[in-house]
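> Give me the fold of what follows.
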Amino acid sequence: MTYGADFVEIYETVYKSRGKDWVREAEAVVALVRERYPHAGSLLDVACGTGAHLETFAELVGDVEGLELSEPMLRRAWERFPSRVHRGDMRNFRLPRRFDAVTCLFHAIGYVESREELHAAIQAMAEHLVPGGVLVVEPWWFPENFLDGYLAADAGHVEGSAIARVSHTSSQGRHSRLETRYLIARAEGIREVTQVHELMLFTRDEYLQAFDEAGCPATYYAEGINGRGTFVGVKGSSTETQASRQGEGEPS
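Residues are numbered from 1 along each chain as shown. Below is the predicted model:
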């Protein structure tokens with residue numbers, strides 16, 4: 001998925017109109033990290049987008065960096081953090097340091113195109129953790145949760161804009177497609193933007209296996225930070241009990 005410059009321009013406004021709260025999400029992620037690594041003082045946000053989460057991460061953690069592949073997103077993130085956001089692909093990036101925490105949020109992991117790429121991405125993230133460091137990943141839908149042919153529509157007002165959104169989902173095997181169209185009305189007029197997202201549907205066990213093979217066993221929390229699930233792994237930790245890994249317990 002490559003975000004076009006026209007969509008990046010309105011990206012945060014669009015999602016704010018739908019209720020997305022980057023500050024609350026970042027706070028929830030830091031709480032998950034500090035339950036496992038109380039003195040975490042560094043964090044890498046993989047697929048950091050425009051850097052919206054990084055602003056709060058910087059306030060709470062201090063030493064933060066980001067990684068982003070999309071050029072329009074990268075340019076916007078550089079406006080916030082000129083020297084701390086790196087151009088890179090989650091599947092094979094290499095930075096010259098390790099972090100207490102690594103995150104990959106907003107379902108960005110779904111853009112990898114195979115199980116092999118999923119394993120490569122989780123491995124690359126785990127390799128950038130210190131021993132005992134924490135990896136937090138928000139997955140895309142699991143195959144059994146994805147609704148083929150689902151239609152959605154919503155509208156809202158934010159920051160001087162009125163925004164209407166319609167979407168349609170489809171799938172073929174493990175490949176899912178989400179097409180969204182936006183109408184954005186501002187004082188200067190109305191514009192339309194279309195985005196098509198192609199994401200892979202991995203099972204919960206496939207995610208957990210990728211964490212295990214990366215030496216970063218994870219627990220899956222069904223509620224997570226946004227009600228759509230979150231994996232939390234700890235580098236070098238012992239394997240969790242099956243009950244815990246299936247999300248029967250939620251973080252406090």
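> what's across from Tyr221 in the sheet?
Under the criterion DSSP bridges, Tyr221 forms beta bridges with Thr230.
> My understanding was that it contacts Val232; is that so?
Yes - the criterion here is CB atoms under 8 Å, and Tyr221 meets it with Val232 at 6.7 Å. Every residue, glycine included, has its C-beta placed from N, CA and C.
> Show me where the stretch 1-150 of the chain dips below the pLDDT cut-off.
1-3 (pLDDT under 70).
> repeat for the stretch 151-252 of the chain
Across the stretch 151-252 of the chain, residues meeting the criterion (pLDDT under 70) sit at 238-252.
> Show the residue spans covered by the strands in it.
Applying DSSP state E, counting those that start in this stretch to the stretch 151-252 of the chain gives strands spanning 151-158, 161-172, 175-186, 189-200, 218-221, 230-234.
> now for those, which one comes closest to Gly62?
Nearest of the strands of the stretch 151-252 of the chain to Gly62, taken as CB to CB: strand 230-234 at 20.8 Å.
> for that closest one, packing partners?
Judged by 3 or more CB pairs under 8 Å, 6 or more residues apart in numbering; DSSP states H and E, strand 230-234 is in contact with helix 22-36, strand 129-137, helix 204-213, strand 218-221.
> Using JSON lines, please lay out the ones you listed together with distance to Glu117.
Shown next, in JSON lines, are the helices and strands packed on strand 230-234 (distance: least, CB to CB, whole Å):
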{"stretch": "helix 22-36", "distance to Glu117": "23"}
{"stretch": "strand 129-137", "distance to Glu117": "14"}
{"stretch": "helix 204-213", "distance to Glu117": "10"}
{"stretch": "strand 218-221", "distance to Glu117": "18"}
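> Kind regards, and thank you for your time.
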